[in-house]
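Colleague: fold the following for me, if possible:
(2 chains)
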Protein chains: 2
Amino acid sequence: MDTTFNTLKLIHLGIDAQRENVVFMRKDCHICKSEGFEALNRVLVTVNGNSKIATLYIITDGILQAGEAGLSESAWKDLNAKKGDEISFSHVQPVTSMSSIRAKMYGRQLNNENLQNIIKDIVKGEYSNIEIAAFITACAGDNLNIEEIIGLTKAMVVSGQRLSWNKKIVVDKHCVGGLPGNRTTPIVVAIVAAYGLTIPKTSSRAITSPAGTADSLETMTTIDLSIKQIQKIVEQENGCFVWGGSIKLSPADDILIRVERALDVDGEGQMIASVLSKKIAAGSTHVVIDIPIGKTAKVRTEEDAEKLKYYFNVVGKAMGIKVNVLFTDGSQPIGRGIGPTLEAMDVLSVLRNEENAPQDLKNKSLLIAASIIDLVDEKNGLQSAQEILSSGKAYEKFLAICKAQGGFREPEFAVFKEDVTAEKSGVVIEIDNRKLAKIAKLAGAPHDSKAGLLLKTPLNTKVEKGDILYTIYSETNGELKYSVDYMKSEKDIILIQ
Amino acid sequence: MDTTFNTLKLIHLGIDAQRENVVFMRKDCHICKSEGFEALNRVLVTVNGNSKIATLYIITDGILQAGEAGLSESAWKDLNAKKGDEISFSHVQPVTSMSSIRAKMYGRQLNNENLQNIIKDIVKGEYSNIEIAAFITACAGDNLNIEEIIGLTKAMVVSGQRLSWNKKIVVDKHCVGGLPGNRTTPIVVAIVAAYGLTIPKTSSRAITSPAGTADSLETMTTIDLSIKQIQKIVEQENGCFVWGGSIKLSPADDILIRVERALDVDGEGQMIASVLSKKIAAGSTHVVIDIPIGKTAKVRTEEDAEKLKYYFNVVGKAMGIKVNVLFTDGSQPIGRGIGPTLEAMDVLSVLRNEENAPQDLKNKSLLIAASIIDLVDEKNGLQSAQEILSSGKAYEKFLAICKAQGGFREPEFAVFKEDVTAEKSGVVIEIDNRKLAKIAKLAGAPHDSKAGLLLKTPLNTKVEKGDILYTIYSETNGELKYSVDYMKSEKDIILIQ
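Modeller: Residues are numbered from 1 along each chain as shown, chains lettered A, B, ... in the order given. The predicted structure follows:
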């Protein structure tokens, strides 16, 4: 053995553990044995003088040779590791701020300092996923009171970057629990910016859906911009459409959300803190929150929505911003396209006032834009919004923002496509959105931006046998085949009666 | 690609995730993309018609080729997988019983059925570590009331195997939070069995310490026995010393304990349920619980100990067993040896009434044995225990049980050793137990059973410069060197003044 009693040599394994720092060691490794390390232990690993806390996984087979260790991708990057580097190990005490979480389990209230330390440690990557799960559980349900939610919001604001503007009023919008195809953002930003309000909008990419707002915008313009660029564009055009990942407004949230999703636990307090902290960090003073209510939406009843509304208002007030909460229809998807490019086409068709533009997308965008204008000016916002859209000013503003961001690109259909036709005549009485989303993803969305599908027959459409129900688009023949194979293996994707 | 749209080929990775079922897939895998899988998702994997829920890890480097997937060791075994097998994937709904845990987060009380479903699903391996962390957190602190602790105890009893005896009285003992070298069990069992009570004792192996009771016993006899063998031995000799891992009395506990340790969270209710469920599953009617109290022990204050005592008594009563809780001194280790064989030697020296036997180990063993006798017979237990030990009857019984278990082996010292001597004269005023334990583990304990160290100079011993403080034993020269290197790199392991 050419290793000493406390070091191993690193090899590159390339295992992604979703931002969790993981170290891989052999079961028969003398360090594991002497330190009494076991799988899931948190250990302090040091490479080239850089140290990180990591979760231990034990390897029993041939991936690692004697004397070798490996790291997950996030740890590899954070430690600036190279193949062959020496790695050393020591025990760690549990993260100090975990003691506040234990106190919370015993029903004690967390103060601002406790919450700041927890969020700081989470952002530093010092929490394992198991510890994050404990934090989420301890704060879930009604476990955070209003002061704690305010404290958590503050902690999240200070943990990331902040934008500042030379404006008294900066507006923003947020939708709680998205619906498929719900691409109101580009339209709302265009209307509101054309009206004259400052709206520096950031959006996210898809994680499990066929397209996020950022993915859709990216088919038309550049969205990965620096803070400096954003500031110049907003100064000039009042608004922007930016990928939120390019600036870190609430880095804790990105870490928490994955574990929340894995647990299927939705901490109300945490959600409020996460949404408002991002808006405050972005410099917003007036925010419209859209809560779609529906059986398959995130918020299912008006009662739940009312409670969220109350929290958003109280916490917003405490943080010094004005919040308006809208309840909207969450019972079915909005627009026709599913996939980045096809959703962008819906957006453009609304902005261009095309006759066959999806009316649901148009109406919802108008409603949100109007509500933002009303929140600031207490005027007839809907009338202004309608006028700006129908006059073409919104489309002009949209193009101007795209130009400032590097230019507008007209989205194009993919080369490979397959029409799916009705097997009988009748009326469309049910659409399985989950299956449609899967077809779009098998076709390549959101990675291949042109992939997806275009629905020709929304609910209640009358169809004849042989009519096209929807068209699947794909950038490769192989992916189109995957998608069609799956489509053929499923029944009742679109139910006709 | 020779895979279809929903299968991959398995390769063997050999990654141990501590009983968690993990599936490894490539980041660019079409199944990940189309299903919208992301790291940490729970997915249903099917191999050869067997299905299991597993946690997804994403691989970005060359461990997996296109079209391949891997499994953690527990999933590989449970699914009876072979290299080249086809593996298919589907989404899973979160485990149904997780909804009870979410309800608990909202402050609702769990009933017996909820708790039984949770424990059943945990034992089936359907919970991810993150979900287990949520369960532990939701039940931590004071979050379980007495009815819930009783419900959890019942759930744990029915989740595993049970032993039954043709006896009205069956006794047992348990120590809450062990101390180094605290090997009272073999002595207590020998005394109590010689007295005539039935004591079918199971013990655990070391997890992070240099020796568990089972490791120590294994240096003298066979401890991996079937239920049938145990029943025959206990029938014949009144007692046994068995490794608890050979029979599954509380399988949920083995899973929970690892996550609890990783979180450093000690759910009182869960601990009570775990201890008592194992005793009840083992068929015990009378149980003595030893709670060492001390600064570095698990229970730190008498107040905490009183609360535990109350719970043990109330839950024990509800479950129909008699419990006696002892408070003992937890301020320093017990005995001289550290490591399986060296601790076994301490035990034998007490049983053989040797003059230099560690008095602390002898006295504590007598105290516990007496307390068991008192709990059953309400007589002067201490006098009986002392008489049985000093007369040699306890030693005789110890040998008889070992014989019934397959024979007694005299433990022997390891070949390689190194004496560590005092650098100055004075009195031993402090001993760093953590560092001593690490020296023993680097020397090879508990894996190499003869490895460890023998302390010659307990607290308050007067030493001259050059006197032997302790001797390190090892089965290989290489490990002895690791251990000595570490010892030389540390200061004040034994402080002399």
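
Colleague: biggest strand in chain A by residues?
Modeller: Within chain A, and with DSSP state E defining each element, the longest strand by residue count is strand A:50-59.

Colleague: identify each buried residue in that one, please.
Modeller: If you call a residue buried by 16 or more other CB atoms under 10 Å in any protein chain shown, then strand A:50-59 has these buried ones: A:52, A:53, A:54, A:55, A:56, A:57, A:58, A:59. The way it works is simple: take the backbone N, C-alpha and C, and place the C-beta from them, glycine included.

Colleague: near chain B too, which of those residues?
Modeller: Here is what survives when the buried residues of strand A:50-59 are matched to chain B using CB under 8 Å from any CB of the partner chain: A:57, A:58, A:59.

Colleague: possible to save these as CSV with distance to residue B:334?
Modeller: Formatted as CSV, these follow (distance: CB to CB, whole Å):
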residue, distance to residue B:334
A:57, 35
A:58, 31
A:59, 36
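
Colleague: now, which of those sits nearest chain B?
Modeller: Chain B has its nearest neighbour among those in residue A:58, at 4.1 Å by CB to the nearest CB.

Colleague: the closest one contacts residue A:40, doesn't it?
Modeller: No: because the distance of 9.2 Å does not satisfy CB atoms under 8 Å, residue A:58 is recorded as not touching residue A:40.

Colleague: follow-up on the earlier one: contacts for the longest strand of chain A?
Modeller: Under the criterion CB atoms under 8 Å, 6 or more residues apart in numbering or on different chains, residues A:17, A:20-27, A:32, A:37-45, A:70-72, A:75, A:78-80, A:92, A:95, A:125-126, A:128-130, B:13-18 lie in contact with strand A:50-59.

Colleague: returning to that earlier point: between the ones next to chain B among the buried residues of strand A:50-59, which is nearest residue A:140?
Modeller: Sorting these by distance to residue A:140 puts residue A:57 at the head of the list, at 27.1 Å, by CB to CB.

Colleague: excluding chain neighbours, what is closest to that closest one?
Modeller: Nearest-residue entry for residue A:57: residue A:24, 5.0 Å, with adjacent residues in sequence omitted and distances by CB to CB, 6 or more residues apart in numbering or on different chains.

Colleague: and residue A:75, by the same measure?
Modeller: For residue A:75, ignoring the flanking residues on the chain, the nearest one in space by CB to CB, 6+ apart is residue A:21 at 3.8 Å.

Colleague: okay, that neighbour and chain B: tell me how far apart.
Modeller: With distances defined as CB to the nearest CB, to the nearest Å, the gap from residue A:21 to chain B amounts to 13 Å.

Colleague: now do residue A:360
Modeller: In this structure, residue A:360 and chain B are 24 Å apart, going by CB to the nearest CB.

Colleague: what's the helix or strand for that residue?
Modeller: Residue A:360 is located in helix A:359-377, with elements delineated by DSSP states H and E.

Colleague: and for residue A:248?
Modeller: Per DSSP H and E: nothing holds residue A:248, as it lies in no helix or strand.

Colleague: what pLDDT does it get?
Modeller: On the pLDDT scale, residue A:248 is placed at 81.

Colleague: pretty sure it contacts residue A:160?
Modeller: Yes: under the criterion of CB under 8 Å, residue A:248 lies in contact with residue A:160, with a separation of 4.9 Å.

Colleague: what about these two, which has more around it?
Modeller: Set side by side, residue A:248 and residue A:160 show more neighbours around residue A:160, with 19 against 15, by other CB atoms under 10 Å in any protein chain shown.

Colleague: buried set for stretch A:412-423?
Modeller: Within stretch A:412-423, the residues that count as buried by 16+ other CB under 10 Å are A:414, A:416, A:418, A:420, A:422.

Colleague: nearest to residue A:476, of those?
Modeller: Scanning the buried residues of stretch A:412-423 for proximity to residue A:476, where the rule is CB to CB, the winner is residue A:416, at 6.8 Å.

Colleague: tell me who's in contact with that closest one.
Modeller: Applying CB under 8 Å, 6+ apart to residue A:416 gives the contacts A:473, A:474, A:475, A:476, A:477, A:479, A:480.

Colleague: and the first one, that's in a strand?
Modeller: Yes: when the secondary structure is assigned by DSSP: H, G, I helix; E, B strand; the rest coil, residue A:473 falls within a strand.

Colleague: for the closest residue to it other than its chain neighbours, phi and psi?
Modeller: Closest residue in space to residue A:473, ignoring its immediate chain neighbours: residue A:414 at 4.0 Å, by CB to CB, 6+ apart. Dihedral angles phi and psi of residue A:414 (degrees, to the nearest 10) take the values phi -70, psi 160.

Colleague: after the helix or strand bottoming out on mean pLDDT in chain A, which helix or strand is next?
Modeller: Every helix and strand in chain A was compared by mean pLDDT, DSSP states H and E; the lowest is helix A:30-35, with a mean of 73. Heading C-terminal from helix A:30-35, the first helix or strand you meet, by DSSP H and E, is strand A:42-47.

Colleague: can you check what angle separates that next one from strand A:50-59?
Modeller: Here the directions of strand A:42-47 and strand A:50-59 differ by 120 degrees (axes from the mean of the first three to the mean of the last three CA atoms, to 10 degrees).

Colleague: and the strands in the stretch 1-150 of chain A?
Modeller: Listed in chain order, the strands of the stretch 1-150 of chain A (DSSP state E, counting those that start in this stretch) span residues A:7-10, A:15-16, A:22-26, A:42-47, A:50-59, A:68-71, A:86-91.

Colleague: give me the neighbour count for residue A:145.
Modeller: As a measure of burial, residue A:145 has 12 neighbours, counting by other CB under 10 Å.

Colleague: is residue A:164 in contact with residue A:284, as I believe?
Modeller: No: proximity of residue A:164 to residue A:284 does not meet the contact threshold set by CB under 8 Å, at 11.1 Å.

Colleague: many thanks, have a good one.
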